[in-house]
Every structure is written in C-alpha cells, then in structure tokens.
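**Student:** Return a 3D structure for these sequence lines:
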Amino acid sequence: MSRTNLRQSLRPWLRIARNANTARPASLSSHAYKPVASSARASSFSTCAPRFKGIMPDTENPAKPSADTTSGGPAKPVELTEAEYHEVADHYLDRALAKFEEIQDQADELDVEFASGVMTIRVPEKGTYVLNKQPPNKQIWLSSPISGPKRYDWCIFGDGQNDKEGTATGHWVYARDGSTLDSLILEELGYDLQEPLHAWSFNMAFGRK
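**Tutor:** Okay, the predicted model is just below:
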C-alpha cells in the first residue's frame, strides 16, 4: 500500500482520537471542585473561635460588660452621743411596747414585760424574745428563739444628695445583712412595727444639720 493510501486510510481513526482528547478536559471540568461549595462547607465546620464586631469600627471580640457591684450595701451606723442614743432607743422600745401591749389586750397571743430597758415577749408555740438596750455599744440587742442573737445599730436611710429633703428615716439595722429590726419582727412574729423615726425630727431635736 502506498504512503498516500495509508494516510487516507488512517485519517478517520486519527480524527476520532483527536476528538476524544479534546473532549476529556471538558468532561473533567464538569466535575471540578467548586470553590463556593467548599467555602460554605468550611464555614459550617469551622474550628476557629467566632469573632464579633465591637461598637467601634476597629474593635473585635469586645469584652462583656462587668456586673454592677456598686450596690452600696447596708447603711453605716450613725455616730450618736449618749443622749441621742437613749432618745432613739427609748423611742423605739416605747413604740414596740405599745404595739405589743395592744396585741396582748386584743387577744391572748403573747405576754410582754418591760423593765430596766429589757423587754421580754413570750409567744406561744414560738418561744421567748428579748429586746434590750446596750448603751456601751449604742445598740439594741435581740434574742430570737428562731434566728438567734442579733445586734442592731441606728442608721439613716435616704439622706443622699439625690434624695428629697425631709424624707430620710432612721432604722435599727443588723450590719451583717442590712435587715432592720422591724422587718425581723414582721417576718417571725407577723407584727408590723414599721413606723420609722424621721431623721429630720431627730436632727431638729438635737440641733443636727
């Protein structure tokens, strides 16, 4: 067979082979790795810590605001003179005695005695409460069959710069938790003695400003 005839006979096969080679990249490109799908998959399973935008444009991962710890706590005891202490302590004990005697007269719920600055309140099914003055410490002490002994200082509430003038009141306060003597009697005995002494009347009586 001559060279010309051989080339003509092989030409159809060479054309088929050439077409197959040019078609293969197209076939492979149809299954190529898609960047969009890859980025979506990566974001779904990212192991990096999330990043958050702060209020300012250049801040990221802003710190959480700290908890407010400026609650103020219990009021500080008032520095009383001896005369002032006896005035406010006697005022409280006289008021408490009047309330307990009123309850005693209305119903046989308790028995109250008061002598030499010591008040004894006997309550059926609860026990005996004792209230007494402690002049050396300028305190009122309470002995409770339920909550035990407590010492109360006289404190003024509502006497700050932002408080309305004439609204401050005085209470006997347990320094450890800021609770008042009135609130304990109300909680344990159910008797409401909460008639606080207005600080302005106390200040006027003793010439305080």
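
**Student:** Can you tell me the SS state at D90?
**Tutor:** Following DSSP: H, G, I helix; E, B strand; the rest coil, D90 is assigned to helix.

**Student:** What count of nearby residues applies to it?
**Tutor:** Summarising burial for D90: neighbours were counted as other Cβ atoms under 10 Å, giving 12. For every residue, glycine as well, the C-beta is placed using N, CA and C.

**Student:** same deal with E79?
**Tutor:** Using other Cβ under 10 Å, E79 has 8 neighbouring residues.

**Student:** Likewise for I156?
**Tutor:** Other residues near I156 number 20, with proximity taken as other Cβ under 10 Å.

**Student:** can I assume it is in contact with T169?
**Tutor:** Yes: taking Cβ atoms under 8 Å as the definition, I156 is a contact partner of T169 at 7.1 Å.

**Student:** so who does the closest residue to D153 other than its chain neighbours touch?
**Tutor:** Closest residue to D153 apart from its sequence neighbours, by Cβ to Cβ, 6 or more residues apart in numbering: P77 at 3.6 Å. Taking Cβ atoms under 8 Å, 6 or more residues apart in numbering as the definition of contact, the neighbours of P77 are 138, 153-155, 173, 175.

**Student:** Switch the residues you listed over to CSV; also include pLDDT and secondary structure.
**Tutor:** As requested, these are arranged in CSV below (pLDDT from 0 to 100; DSSP: H, G, I helix; E, B strand; the rest coil):
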residue, pLDDT, secondary structure
K138, 96, coil
D153, 96, strand
W154, 93, strand
C155, 91, strand
V173, 94, strand
A175, 91, coil
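
**Student:** out of the residues you listed, which are buried?
**Tutor:** Under a neighbour-count criterion of 16 or more other Cβ atoms under 10 Å, the subset of the contacts of P77 counted as buried comprises 138, 153-155, 173, 175.

**Student:** now these as a markdown table including distance to D94?
**Tutor:** Putting those into a markdown table (distance: Cβ to Cβ, whole Å) gives the following:
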| residue | distance to D94 |
| --- | --- |
| K138 | 18 |
| D153 | 19 |
| W154 | 15 |
| C155 | 20 |
| V173 | 19 |
| A175 | 24 |
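
**Student:** Okay, domains of the protein per the record?
**Tutor:** Domains of the chain are assigned by automatic domain parsing as 3-44, 82-206.

**Student:** quick one: which of the contacts of P77 is nearest to Y129?
**Tutor:** The shortest distance between Y129 and any of the contacts of P77, using Cβ to Cβ, involves V173 and amounts to 18.0 Å.
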